[in-house]
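**Student:** fold the following.
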Amino acid sequence: MDEPMLDERTLRYARAIDDAGSIRAAARALGIAPSAIQRSMAAAERRLGTALFERSAAGTRITATGEVVVRHARERADLDARMAAELHQATAGHEGTVTLALGLGFIAAAGDNVVAPLLQELPGIIQYVHIGGTDELTGALERDDADIAVVLHARPGASVTVHRTSPQPMGLAVRPGHPLTRHRAPLRSRDLDGVPATVLPVGFGLRTLHDEFERIHGISMPVRLESASRQVLISAIRATDLVALLPPAFTTDSEVELLDIDDEHLRGVQAAVLTRRGRELPPAAQHVLSACISWFDQSGVA
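**Tutor:** Residues are numbered from 1 along each chain as shown. Below you'll find the predicted structure:
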């Protein structure tokens, strides 16, 4: 019987280098000596007759051959994880661990519609909830650090599968009595030129929308406060004349008003349920994904 071109250890090392960005960082992540990885990569490259990674002082850059190897390593890991999960389910029922990644505006609704019901219905499933911005959470899916993500305004790309979307038309969050509440509705982009704003950091879908809105209309909404905390943003809006472009899910029960804006781009914003394209989720994660899809189908995300 022919030996495989690359053994399981070499595939694991190649994937670790790609994830970590360098041999030294991969060695730290795996808890082994860098020399062990270097020897394994050198042997693999001799066998294949070509380099898998190009080394430099800044780290490593994957080659076309390396991309084939790493893709195979990920697919093999997925198959192994699927077999292990199915074997475990066959002997232990609905059990497993799942990481659900949520954008800031979806925490409460996901807790009520996904996390809490599954804790009661399937107590054998352990859920980890990760909170962050759209770019961060999409990256977690790509690295398999998360199984499912619910995000706002995801960037188009071939790395994720969109299972469901839900409209999240953006409005302008203001305190009751803010001067803009006296403008005729809906607001126009020129009404917001020069109005000071509070925003999420770069990497969040809402920040991307804020920057796109300014660029498309050639206006400036000066940033007076930047925070990754929903509570901080809402508190600032309630207490000052700062405003923010926010979706309904972000302002529920917040005691702020959400003013309509006459803008096709903002009205077309979507929330989405995502997984990594090509990944076969284990059964426990499939249960969580089904719950997320039912949440979107039945009640949306507000």
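**Student:** which residues in the stretch 51-200 of the chain form helices?
**Tutor:** Using DSSP state H, counting those that start in this stretch, the helices of the stretch 51-200 of the chain run over 64-92, 107-110, 116-121, 134-142.
**Student:** could you dump the ones you listed into CSV and include distance to V199?
**Tutor:** Quick note: C-beta positions are derived from backbone N, CA and C, even for glycine. Putting those into CSV (distance: least, C-beta to C-beta, whole Å) gives the following:
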stretch, distance to V199
helix 64-92, 35
helix 107-110, 19
helix 116-121, 31
helix 134-142, 14
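**Student:** just put those helices in CSV and tack on mean neighbour count, mean pLDDT and distance to V174.
**Tutor:** Formatted as CSV, the helices of the stretch 51-200 of the chain follow (neighbours: other C-beta atoms under 10 Å; pLDDT from 0 to 100; distance: least, C-beta to C-beta, whole Å):
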stretch, mean neighbour count, mean pLDDT, distance to V174
helix 64-92, 15, 79, 46
helix 107-110, 17, 90, 21
helix 116-121, 13, 91, 32
helix 134-142, 21, 92, 24
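**Student:** out of these, nearest to S166?
**Tutor:** helix 107-110 (10.2 Å; C-beta to C-beta).
**Student:** against which helices or strands is the closest one packed?
**Tutor:** strand 125-131, helix 283-299 (3 or more C-beta pairs under 8 Å, 6 or more residues apart in numbering; DSSP states H and E).
**Student:** quick one: which of the ones you listed is nearest L79?
**Tutor:** Evaluated over the helices and strands packed on helix 107-110, closeness to L79 peaks at helix 283-299, with 14.4 Å, by C-beta to C-beta.
**Student:** next, the angle helix 64-92 makes with that closest one.
**Tutor:** If you take axes from the mean of the first three to the mean of the last three C-alpha atoms, to 10 degrees, helix 283-299 sits at 90 degrees to helix 64-92.
**Student:** which residues are contacting stretch 126-133?
**Tutor:** Residues outside stretch 126-133 that contact it (C-beta atoms under 8 Å, 6 or more residues apart in numbering) are 96-104, 107, 110, 115, 118-119, 137, 140, 145-146, 200-201, 203-205, 207, 228, 288.
**Student:** mind exporting that stretch as PDB, just the C-alpha atoms?
**Tutor:** Written as PDB, here are the backbone C-alpha positions of stretch 126-133 (Å, rounded to 0.1, in the frame of the first residue of the first chain):
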ATOM      1  CA  ILE A 126     -22.000  23.400  25.800                       C
ATOM      2  CA  GLN A 127     -22.200  26.800  24.100                       C
ATOM      3  CA  TYR A 128     -19.500  29.400  24.000                       C
ATOM      4  CA  VAL A 129     -20.600  32.900  23.000                       C
ATOM      5  CA  HIS A 130     -18.000  35.200  21.400                       C
ATOM      6  CA  ILE A 131     -18.700  38.900  21.000                       C
ATOM      7  CA  GLY A 132     -17.000  41.200  18.400                       C
ATOM      8  CA  GLY A 133     -17.100  43.100  15.200                       C
END
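**Student:** how about it: buried residues?
**Tutor:** By neighbour count on 16 or more other C-beta atoms under 10 Å, the buried set for stretch 126-133 is 127, 132-133.
**Student:** was I right about L141 contacting V273?
**Tutor:** No - L141 lies out of contact with V273 (C-beta atoms under 8 Å); the separation is 11.0 Å.
**Student:** what is in contact with these two at once?
**Tutor:** By C-beta under 8 Å, 6+ apart, the residues touching both L141 and V273 are 148-149.
**Student:** rewinding a little: in PyMOL, select just the buried ones from the contacts of stretch 126-133.
**Tutor:** PyMOL command restricting the contacts of stretch 126-133 to the buried ones, with burial defined by 16+ other C-beta under 10 Å:
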select buried, resi 96+98+99+100+101+102+103+104+107+110+115+118+137+140+146+200+203+204+205+207+288
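**Student:** re the thing from before, what's the closest of the buried residues of stretch 126-133 to A77?
**Tutor:** Of the buried residues of stretch 126-133, the one sitting nearest to A77 (C-beta to C-beta) turns out to be Q127, at 21.5 Å.
**Student:** perfect, that will be all.
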